[in-house]
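1. Compute the structure for the input listed below.
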Amino acid sequence: MRILWILLASLLLSSCSIPKPLIERIKEEGQLVVITRNNPTTYIKEGDTIQGLEYELVEGFAAELGVTVKYVILDSFDEILPAIVRGDAHFAAAGLTVTSSRELAVRFTPEYQTVTAQLVYKGGNPRPKAITDTVDGVLEVVAGSSHEEQLEQLLLEYPELSWTAQRGVESTELLNLVYEGLIDYTIANSNEVALARRFHPELRVAFELGDEMPLAWAFPHAEDNSLYKAAKAYIRRIKEDGSLEQLLERYYGYVEKLGFVDNRTFARHMVQRLPPLIPLFKQAAEENDMDWQLLAAIGYQESHWNPEAVSPTGVKGIMMLTNATAKQMGVEDRTDTAQSISGGARYLRRIEKKLPERIQEPDRTWMALAGYNVGFGHLEDARILTQRGGGDPDKWADVKQYLPLLAQKKYYKTVKHGYARGKEPVHYVDNIRSYYDLLVWHNRKQKKKTTHAVIETLPAAL
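-> Okay, the predicted model is just below:
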């Protein structure tokens, strides 16, 4: 009888065993399931390349846990929060703004970015000065977004307001509809607007609605908060160690440097000046194992693709090589387009190879570009100042903060190569990054047009 009671007690204890914490089960299974959305600010896949701030953040968190990530893209934005509430994924990293109504349904991590809601219209049309000025036009927003919430609140004060909440679309698509003139207005977050305006500078911000709003990851309300606590700790750590700031700089630190006129001039020169130069950029890029579009962006920043360009300081040609650099690279005629592009590519590669191997991409490229502009010695001086100041000398986001100090005596006196106009390489790199993005976007768009045209001309299958 005593043995029977022991067996029964053992069975009861085993049936009531406490399950392992969620984070331990995820580590054992080796996979996080994360809901996100196709948007340049979150997660965007082009070929084999995936980019996006949310993607980078999630991958960093997954690496910390030692697991991989399965990304889930839902058909419509308004499906995201219900899916998290149901437990269809571990959390959502989808550029979600924190609102009081959403906090009732899910719990948010600490913010990793703040944005504002902006009413956007197309330049050339009258600028609305208040939300009521949209009444006679077509206003569309993403269904389930915080912008729809804002409009519903405003409707209590302005009952004449009207809008359409679109399901199955992204804010980028609505911004494009404004650019195409198919709708009059949309509301989007400031980070989305900033990225869209690189390619459509005609988009204008009429005004902002409300105060800054935090962006954060959304988790289900559950008793097991082990994964949620780990995510909170991760967000706090990357804020403290500066890696979050570096990621924000990578995606947004340069996007608003070009003005409307700069963008329009660049678009015109892409059509008028670039085509005959493309074979030369491609050849030089292939010989030096680099992206021809990056070389072309450098050439535009240097000379606006004008082979006869001459600066007041005597640098010449497409890549604006100094006489000393031209001699180093074996360039006999700086105004010879092929020689200039080849020399510029080889010089950039020479600078890049001088950098410590531990510096990773894309910081490696941005620093090489800065060295191309200001000289490798001055770049090294700035890296020394960065280290002295407690920054990371291997991260462009930190080094770009210290380069301008090379123009101040109390700083340049303490380093080897002395005075330099340190703001110039910062602007130089920011501009090239913008031109590069515009080139990639334009060429991708042209490729899609060509592909569609070929498909349309193919004979129907018998």
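2. what's the domain layout of this structure?
-> Domain ranges of the chain: 113-213, 260-437, per automatic domain parsing.
3. right, so of these, which gets closest to E28?
-> Taking Cβ to Cβ, domain 260-437 is the member of the domains of the chain nearest to E28, at 30.5 Å. Glycine gets a C-beta too; all of them are placed from N, C-alpha and C.
4. Strands of the protein, start to end?
-> 31-36, 44-46, 49-51, 68-73, 91-97, 106-108, 113-122, 139-142, 164-166, 185-189, 203-220 (DSSP state E).
5. quick check: mean pLDDT across the third one?
-> Per-residue pLDDT values over strand 49-51 give a mean of 85.
6. Which neighbouring elements make contact with that strand?
-> Of the remaining helices and strands, none touches strand 49-51 by 3 or more Cβ pairs under 8 Å, 6 or more residues apart in numbering; DSSP states H and E.
7. Put together CSV for the domains of the chain, with distance to A230 on each row.
-> Converted to CSV, those look like this (distance: least, Cβ to Cβ, whole Å):
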stretch, distance to A230
domain 113-213, 20
domain 260-437, 24
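8. Among the strands of the chain, show the one with the smallest mean pLDDT.
-> strand 44-46 (a mean of 81).
9. before we move on, the earlier item: of all the strands of the chain, which lies closest to D289?
-> strand 49-51 (17.3 Å).
10. Can you give the strand pairings for that closest one, parallel or anti for each?
-> Counting by DSSP bridges, the strands paired with strand 49-51 are strand 44-46 (antiparallel).
11. now the partner strand, how far from the chain's geometric center?
-> 12 Å (Cα atoms, centre = their mean, to the nearest Å).
12. buried residues in that strand?
-> I44 (16 or more other Cβ atoms under 10 Å).
13. which residues sit against it?
-> 38, 50-52, 55, 444 (Cβ atoms under 8 Å, 6 or more residues apart in numbering).
14. Present these as JSON lines; the columns should include distance to A420 and neighbour count.
-> Output for the contacts of strand 44-46, formatted as JSON lines (distance: Cβ to Cβ, whole Å; neighbours: other Cβ atoms under 10 Å):
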{"residue": "N38", "distance to A420": "42", "neighbour count": "15"}
{"residue": "I50", "distance to A420": "37", "neighbour count": "13"}
{"residue": "Q51", "distance to A420": "32", "neighbour count": "14"}
{"residue": "G52", "distance to A420": "35", "neighbour count": "22"}
{"residue": "Y55", "distance to A420": "36", "neighbour count": "19"}
{"residue": "R444", "distance to A420": "36", "neighbour count": "12"}
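15. For these, work out which two are farthest apart.
-> Y55 and R444 (18.5 Å).
16. Could you list the low-confidence segments of the stretch 101-250 of the chain?
-> In the predicted model of the stretch 101-250 of the chain, no residue satisfies pLDDT under 70.
17. just so I have it, where are all the helices in it?
-> Here the stretch 101-250 of the chain has its helices, by DSSP state H, counting those that start in this stretch, at 146-157, 171-180, 190-199, 226-240, 243-252.
18. will you turn those helices into CSV that also has distance to E46 and mean neighbour count?
-> Below are these laid out as CSV (distance: least, Cβ to Cβ, whole Å; neighbours: other Cβ atoms under 10 Å):
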stretch, distance to E46, mean neighbour count
helix 146-157, 27, 16
helix 171-180, 14, 20
helix 190-199, 14, 21
helix 226-240, 25, 17
helix 243-252, 15, 18
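19. Distance from the chain centre to stretch 30-42, please.
-> Stretch 30-42 sits 15 Å away from the centroid of its parent chain (Cα atoms, centre = their mean).
20. wait, isn't A284 in contact with T337?
-> No - between A284 and T337 there is no contact under Cβ atoms under 8 Å: 10.5 Å.
21. Tally up the residues packed near R107, please.
-> Applying other Cβ atoms under 10 Å, we find 20 residues neighbouring R107.
22. could you list every residue that touches it?
-> When contacts are counted by Cβ under 8 Å, 6+ apart, R107 touches 218-221, 228.
23. Going through these, which ones are buried?
-> 218-220, 228.
24. circling back: export the contacts of strand 44-46 as a markdown table, with columns for distance to E212.
-> Listed next are the contacts of strand 44-46 as a markdown table, based on distance: Cβ to Cβ, whole Å:
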| residue | distance to E212 |
| --- | --- |
| N38 | 25 |
| I50 | 28 |
| Q51 | 25 |
| G52 | 21 |
| Y55 | 23 |
| R444 | 32 |
